[in-house]
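In: Just the structure for this:
(one chain, ligands or ions: 1)
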Amino acid sequence: MSSRLIIALDFPSAEQALAFVAPLDPAQCKLKVGFELFVAAGPDFVRQLTGRGFDVFLDLKFHDIPNTVASACKSAAALGAWMINVHASGGSKMMAAARAALQEVGNPPKLIAVTVLTSMDKAQLAGTGVGAEPAVQVKHLAQLAATNGLDGVVCSAQEAAMLREALGNDFLLVTPGIRPAGSSQGDQSRVMTPAQAREAGVSYVVVGRPITQAADPLAVIAQINADL
Ligand SMILES: O=C(O)c1cc(=O)[nH]c(=O)n1[C@@H]1O[C@H](COP(=O)(O)O)[C@@H](O)[C@H]1O
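Out: Residues are numbered from 1 along each chain as shown. As a prediction, this is how the structure comes out:
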């Protein structure tokens, strides 16, 4: 079975990202390209990664009017991404338009929706005008994503067991906010260890700084894969 580890390549340039990727094996991990790297390195960099055999999660978190998001999803699919995402808070029509757009392309990427960012806690969520507990809002948005035919959601591993029970075994649960024991929490709020995430039933974990800033990234990758 291929690895359930997705490494967040949050680097400022293609050169730095490629230096990090050079010793990696696509059997050990998938790779996530987000805003920082995509803005700096562009679509060609994504093609380079797929050309090396990596599954790429293109994490551009689309959140706009339905027509714009649908077109952006098609462009992302054309890059050969394995997975792409939108914000569930963009609403039903936006998610349905994204889903429909991908049905028009061959070999479409998995389409998932961000629920409540793992950096948010109850107070920050309340600051945006949402008074619900994060877990309640996550469940609400995950159900909205499922209703609109998305393949899964991004959530914290803290909500994974609840969502697994509510939405079944085929629904993808992709969880950032993963912190191996002893690593710094940084700006993340809702965190879990890799082993806790596995027990909660996640599909994939997303891990950035605990690997990219480690003295020995390959050792951390091996340990996380063992824990998953
Ligand atoms: O969509 C994401 O990937 C994402 C959603 C979310 O709720 N929280 C979150 O941290 N992420 C991403 O996951 C990665 C986490 O990185 P680290 O905190 O360094 O492990 C970053 O690239 C974030 O952009």
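
In: residue ranges of the strands in the chain, please?
Out: 5-8, 30-33, 56-62, 83-87, 110-114, 152-154, 172-175, 204-207 (DSSP state E).

In: So what touches the last one?
Out: The one in question is strand 204-207. Residues from elsewhere that reach strand 204-207, judged by C-beta atoms under 8 Å, 6 or more residues apart in numbering: 4-8, 30, 32, 57, 154, 157, 172-176, 178, 194, 197, 224, 228. Using the backbone N, CA and C atoms, a C-beta is placed for each residue, glycine as well.

In: Make a ChimeraX selection of whichever of the residues you listed turn out to be buried.
Out: Entered in ChimeraX, the line below selects the buried ones among the contacts of strand 204-207, by 16 or more other C-beta atoms under 10 Å:
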select :4,5,6,7,8,30,32,57,154,157,172,173,174,175,176,178,194,197,224,228
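
In: out of the contacts of strand 204-207, who's near the ligand?
Out: Filtering the contacts of strand 204-207 for neighbours of the ligand using C-beta under 6 Å from any ligand atom leaves A8, V154, P176.

In: Surely the last one touches R190?
Out: No - counting by C-beta atoms under 8 Å, P176 sits too far from R190 to count as a contact (9.4 Å).

In: Now do the closest residue to A222 other than its chain neighbours against W82, distance only.
Out: Distance criterion C-beta to C-beta, 6 or more residues apart in numbering; nearest residue to A222, sequence neighbours excluded, is Q28 at 7.9 Å. The spacing between Q28 and W82, counted by C-beta to C-beta, to the nearest Å, is 15 Å.

In: ok, now N225?
Out: For N225, the distance to W82 - C-beta to C-beta - is 18 Å.

In: picking that back up, please identify every residue contacting each of P176 and R190.
Out: Common contacts of P176 and R190, defined by C-beta under 8 Å, 6+ apart, comprise T118, S156.

In: How many residues are close by N67?
Out: Number of residues near N67 (other C-beta atoms under 10 Å) recorded here: 12.

In: so who does it touch?
Out: N67 neighbours (C-beta under 8 Å, 6+ apart): A97.

In: L173 now?
Out: By C-beta under 8 Å, 6+ apart, the neighbours of L173 are G152, V153, C155, A160, L163, R164, G201, V202, S203, Y204.

In: Would you confirm that the fifth one contacts V153?
Out: Yes - L163 sits in contact with V153 when judged by C-beta under 8 Å, with a separation of 7.1 Å.
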